[in-house]
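Asker: sequence first, predicted coordinates after that:
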Amino acid sequence: MREIAETLDEHGKCNGLYFMPEMEEYCGQRFKIIKKAEKIRLESTGELRKLRTPSYFLDGVYCNGHFQGGCDRLCFHYWRAVWLKRIE
């Protein structure tokens, strides 16, 4: 978590993407990348945006909504490449 915290700005973002509190429980564990995230639809406007900074979805890693008022959506977390370490 210390290494990730070093990548975050004063708003808890890395290149505009939040590191959500629910993500911390996954730090230090191993997961398979299942997909590179290239586009995202903004719920507030419906706009489809291309992600400029590499981000990935990890197998079995979902938001449990604990810090989001108990949200039940089970969304994938977006993980910046800089937050991940390749395992040979």
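Answerer: Structure received. Just so you know, these numbers come straight off a predicted model, no measurement behind them.
Asker: thinking residue 36 is in contact with residue 56, fair?
Answerer: Yes. Under the criterion of CB atoms under 8 Å, residue 36 makes contact with residue 56 at 5.6 Å. Backbone N, C-alpha and C define where each C-beta goes, glycine included.
Asker: out of these two, which sits in the more crowded spot?
Answerer: Taking neighbours as other CB atoms under 10 Å, residue 36 and residue 56 compare with residue 56 leading, 19 against 11.
Asker: my guess is the more buried one contacts residue 38. True?
Answerer: No. In this structure, residue 56 is not within contact of residue 38 by CB under 8 Å, at 10.2 Å.
Asker: and the residue nearest to residue 81 when sequence neighbours are not counted, what pLDDT?
Answerer: The shortest distance from residue 81 to any non-neighbouring residue, by CB to CB, 6 or more residues apart in numbering, is to residue 54 (4.1 Å). Looking at residue 54, its pLDDT stands at 89.
Asker: could you pull up phi and psi at the most centrally placed residue in the chain?
Answerer: Central residue of the chain (CA atoms, centre = their mean): residue 78, 2.6 Å from the mean position. Main-chain dihedrals, residue 78, degrees, to the nearest 10: phi -90, psi 120.
Asker: then residue 4?
Answerer: phi -70, psi -40.
Asker: isn't it right next to residue 83, touching?
Answerer: Yes. Taking contacts as CB under 8 Å, residue 4 lies within contact range of residue 83: 5.2 Å.
Asker: list residues touching both of these two?
Answerer: 14, 19 (CB atoms under 8 Å, 6 or more residues apart in numbering).
Asker: which of those two has more neighbours?
Answerer: A count of neighbours by other CB under 10 Å puts residue 83 above the other of residue 4 and residue 83, at 20 against 17.
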